[in-house]
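S.K.: Any chance you can model this:
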Amino acid sequence: MVKRAIVVAISVLLALVVAAPIATAQQSTKNPSLATLTALWWDWAAATDPSPLEGNYAAEDDRCDGDFVDGVFFLAGSTSSGTVERTCTVPANTPLLFPVFNNICSEAWTDPISGEPSDPKPYPDCAKDLLKAGVEGESNMYATLDGKNLPIRRIASGSFEWTIGTGFDAFTDNDGSLLAAGKHEAASDGYWVYLPNGLNPGTYTLNFGGSFFAQPDGSFGFSPNVIYTLTVE
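M.R.: Next up, the predicted model:
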């Protein structure tokens, strides 16, 4: 969830997120597949500034608003290594979707010299290759709810049109400038948790993350640890 943050943070180490219009109101889609939901998640993540991908925040923060798609609630991962802590209120018995580790390839990123897209086409293959690079070797991932393991599944979005909102800066392109607002061809691949029945009312601790992009010296290029305190009501 992490592609450009990873590229910016570890490019030296490696030498190396069916679009709907952005709005603050809910987006509606009829019986979306999980692949479609992951594409819509990227629209949600890129819709506002600051993005829900960034930093610590509490329940009153707009970044807690995961009601982007009718009938599903989104939560965000992190674009940086280290621990982030968030406190959010979520609706009871509503499906939850969040990424443990994901990435996106898109024409949104362009080479600063040529002006051409820097990610190779086809974008689904690009996203698949980046995912493989991130999790091979000694990499690991985890997702727990009150200390109990949650099922993690791999979901590829396939090609979609990624809608980026004005001022979105959780990721930057190769020369450090903001990504252009608008619609861009893209594809994502990643490991996700989907809880189809959501959670019963109560308070929970959700923890997910891992260590990715193993380096020859045994270190990792990207190691996020996301902790949510969820009030479900």
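S.K.: which stretch of helix or strand covers residue 211?
M.R.: Element membership for residue 211 (DSSP states H and E) is strand 202-214.
S.K.: Against which helices or strands is the helix or strand just after that strand packed?
M.R.: Reading on from strand 202-214 to the C-terminus, the next helix or strand found by DSSP H and E is strand 220-222. The elements that strand 220-222 packs onto, with contact taken as 3 or more CB pairs under 8 Å, 6 or more residues apart in numbering; DSSP states H and E, are helix 3-14, strand 202-214. C-betas here are computed from N, CA, C, even on glycine.
S.K.: Lowest average confidence across those, which one?
M.R.: Mean pLDDT is lowest for helix 3-14 among those, at a mean of 37.
S.K.: quick one, what contacts the spatially closest residue to residue 124 that is not a sequence neighbour?
M.R.: Of all residues beyond its chain neighbours, the one nearest residue 124 is residue 187 (4.2 Å), with distances taken as CB to CB, 6 or more residues apart in numbering. Applying CB atoms under 8 Å, 6 or more residues apart in numbering, one finds that residue 187 lies in contact with 104-106, 122-124, 126-127, 156-160.
S.K.: Then residue 94?
M.R.: If a contact means CB under 8 Å, 6+ apart, then residue 94 has 71, 72, 73, 198 as its contacts.
S.K.: of the residues you listed, buried ones?
M.R.: Using 16 or more other CB atoms under 10 Å as the burial test, those include 72, 73, 198 as buried.
S.K.: ranges for the helices of this structure?
M.R.: Taking DSSP state H as the test, the helices found in the chain are 3-14, 34-45, 123-135.
S.K.: Where does pLDDT dip in the protein?
M.R.: For the chain, applying pLDDT under 70 flags the ranges 1-30, 173-177.
S.K.: let's see it at 80
M.R.: Segments of the chain classed as low confidence (criterion: pLDDT under 80) are 1-31, 112, 137-139, 172-178.
S.K.: quick revisit: now tabulate the contacts of residue 94 in CSV and tack on distance to residue 215.
M.R.: As requested, those are arranged in CSV below (distance: CB to CB, whole Å):
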residue, distance to residue 215
71, 41
72, 36
73, 35
198, 38
